[in-house]
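A.B. asks: could you work out the structure for the sequence below:
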Amino acid sequence: MRFVWPLCLALLAVLILTSGLGQVEQAHEVRALYSEMGQLQREQDALLEEHSRLLLERGALSSMQKVEVVAQGELDMLFPNRVRQIQP
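C.D. replies: Numbering: from 1, shown residues only. Next up is the predicted model:
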């Protein structure tokens, strides 16, 4: 009976120490995951921004006005005054 209380106290101390170390490890893991989540959110924001720019560029390039400007400016093409149908 004499050794029961010191043994219980030692066991309790070991359990408290183990629990504390587990808490520290979990807190470290949460901080690491939170940091990774922040990085991934920044990457997502950058990708969404690039996607928006690409959509705008696609819209601008596909517009008929842009096609006409490129045809006239870069290719020296003009719309004919009179259009005829050619038959084989």
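A.B. asks: CA atoms for contacts and neighbours, from now on please.
C.D. replies: Noted.
A.B. asks: in what helix or strand does the one residue sitting closest to the centre of the chain lie?
C.D. replies: With distances taken as C-alpha atoms, centre = their mean, the residue of the chain nearest its centroid is Q44 (1.8 Å). Assigned by DSSP states H and E, Q44 belongs to helix 4-62.
A.B. asks: beyond that helix, next helix or strand please.
C.D. replies: Per DSSP H and E, the helix or strand that comes after helix 4-62 is helix 64-73.
A.B. asks: mean confidence score for that following helix?
C.D. replies: Average pLDDT, helix 64-73: 79.
A.B. asks: hey, C-alpha coordinates of that helix in PDB?
C.D. replies: Presented in PDB, the C-alpha positions along helix 64-73 are these (Å, rounded to 0.1, in the frame of the first residue of the first chain):
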ATOM      1  CA  MET A  64     -15.500  40.900 -85.100                       C
ATOM      2  CA  GLN A  65     -14.000  44.400 -84.600                       C
ATOM      3  CA  LYS A  66     -10.700  42.900 -83.700                       C
ATOM      4  CA  VAL A  67     -10.800  40.600 -86.600                       C
ATOM      5  CA  GLU A  68     -11.500  43.500 -88.900                       C
ATOM      6  CA  VAL A  69      -8.700  45.600 -87.400                       C
ATOM      7  CA  VAL A  70      -6.200  42.800 -87.800                       C
ATOM      8  CA  ALA A  71      -7.300  42.000 -91.400                       C
ATOM      9  CA  GLN A  72      -7.000  45.700 -92.400                       C
ATOM     10  CA  GLY A  73      -3.900  46.700 -90.400                       C
END
